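[1] My questions concern the predicted model and sequence given below.
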Amino acid sequence: KQQNHISPVLMEVLQMSKFFLKKDHLQFMEGWVTQQHEMLRDKDDDDLLAQVVDIGLNPDKIMEVVDDVMVVIGEDEGDILVS
């Protein structure tokens, strides 16, 4: 049977370190180069989802707006779309 060969003093130091690390509040935003306000996207004037809701149940109009949404998503993703 193999036993742990860590000295009691080292074990106590590790336990204390673990305790202090758990009590310390982690700061995930600290030290970031990019500030949070720089990461926010500007709100688009064209609310495509609102357009889908506003047009009601007209299937032709819905398909037209869905196509517009797909174009915008493709442009945001950097995809090349064939018209």
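    Structure received.

[2] what's the spacing between H5 and Q36?
    Distance from H5 to Q36, counting by Cβ to Cβ, to the nearest Å: 47 Å. For glycine as for every other residue, the C-beta is placed from the backbone atoms N, C-alpha and C.

[3] Then V72?
    Distance from V72 to Q36, by Cβ to Cβ: 25 Å.

[4] Can you name the element that comes right after the one helix or strand in the chain whose mean pLDDT sits lowest?
    Of all helical and strand segments in the chain, the minimum by mean pLDDT, DSSP states H and E falls on helix 48-54, at a mean of 66. For helix 48-54, the following helix or strand on the C-terminal side (DSSP states H and E) is helix 59-77.

[5] Check which residues of that next one are buried.
    Buried residues in helix 59-77, counting neighbours by 16 or more other Cβ atoms under 10 Å, are found at V65.

[6] helices and strands around that helix, which ones?
    For helix 59-77, the contact count by 3 or more Cβ pairs under 8 Å, 6 or more residues apart in numbering; DSSP states H and E identifies helix 48-54 as packing neighbours.

[7] Show the backbone phi and psi for T34.
    Backbone torsions for T34, taken as degrees, to the nearest 10, come to phi -90, psi 130.

[8] count of neighbours near it?
    7 (other Cβ atoms under 10 Å).

[9] now do the one 5 residues further on
    The number of residues packed around M39, counting by other Cβ under 10 Å, is 8.
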